[in-house]
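> Sequence first, then the predicted structure:
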Amino acid sequence: MGEFNRIAERIAGHLEEVSREGGLRSQDIADIVGNAYQGEAINCYPGRPGSGCHDLAVFVSLSLKRNGGNKRGHLTCRKAIEKLIQHMQGACARSTRYALLVVDSWDGEAISEWEWNIKEIQQYAHLEVYLISGGAISAIIPFH
């Protein structure tokens, strides 16, 4: 697996723990990611607003089904991909060197629509993608 799999594993673990209790709140994601990374500051979507561009940006999509129907603040897979594109090719173009996308439901149509952008990002940044299934994660390589 990749360099940032422990972050995806931590999210999957927390999601599994709280699924019986009504799901994971979107505002908790930044804390889970920060505790798993224990490094320098990061950009996290969804998360708390921050300033500046950091070496690592994490994008998390949790579906309603897996998250106890808790929709507020969570990103769909499509929206997480759009945030990734906006961050990596817009606000923090070439400043963020690592991107991590963690999803629990895959949107192949959104990936296809953004294929060119994802390939371009992979030319200058390290991108890891993980799919949460049950309490486990699987690495996905969108394009080469």
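Right, received. Where do you want to start? Residues are numbered from 1 along each chain as shown.
> Strands along this structure, start to end?
Taking DSSP state E, the strands of the chain run over residues 43-45, 56-61, 98-103, 126-133, 136-140.
> Point out where the chain drops to low pLDDT.
1, 17-23, 39, 48-50, 64-72, 142-144 (pLDDT under 70).
> shouldn't residue 118 be in contact with residue 127?
Yes - in this structure, residue 118 is within contact of residue 127 by Cβ atoms under 8 Å, at 7.2 Å. All C-beta spots, glycine's among them, are computed from the backbone N, C-alpha and C.
> ok, and which of the strands of the chain has the densest surroundings?
Among those, ranked by average contacts under mean count of other Cβ atoms under 10 Å, first place goes to strand 56-61 (a mean of 26).
> Does anything pack onto that strand? Which helices or strands?
helix 26-37, strand 43-45, helix 77-86, strand 98-103 (3 or more Cβ pairs under 8 Å, 6 or more residues apart in numbering; DSSP states H and E).
> would you turn the ones you listed into TSV with distance to residue 51?
Listed next are the helices and strands packed on strand 56-61 as TSV, based on distance: least, Cβ to Cβ, whole Å:
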stretch	distance to residue 51
helix 26-37	14
strand 43-45	10
helix 77-86	16
strand 98-103	19
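> looking at the ones you listed, which is closest to residue 12?
strand 98-103 (8.0 Å; Cβ to Cβ).
> And that closest one, what does it pack against?
helix 5-18, strand 56-61, helix 77-86, strand 126-133.
> quick one, which of those is nearest to residue 141?
Of the helices and strands packed on strand 98-103, nearest to residue 141 by Cβ to Cβ is strand 126-133, at 7.1 Å.
> Pull the residues that contact the closest one.
The contact list for strand 126-133 (Cβ atoms under 8 Å, 6 or more residues apart in numbering) reads 2-5, 8, 11-12, 15, 66, 97-104, 106, 118, 121, 137-142.
> so what's the residue most central in space within the chain up against?
By Cα atoms, centre = their mean, the mean C-alpha position of the chain lies nearest to residue 59, the distance being 2.5 Å. Residue 59 sits next to 45, 75, 80-81, 83-84, 87, 99-102 when contact means Cβ under 8 Å, 6+ apart.
> quick revisit: ok, which of the helices and strands packed on strand 56-61 comes nearest residue 55?
Residue 55 lies closest to strand 98-103 among the helices and strands packed on strand 56-61, at 5.9 Å (Cβ to Cβ).
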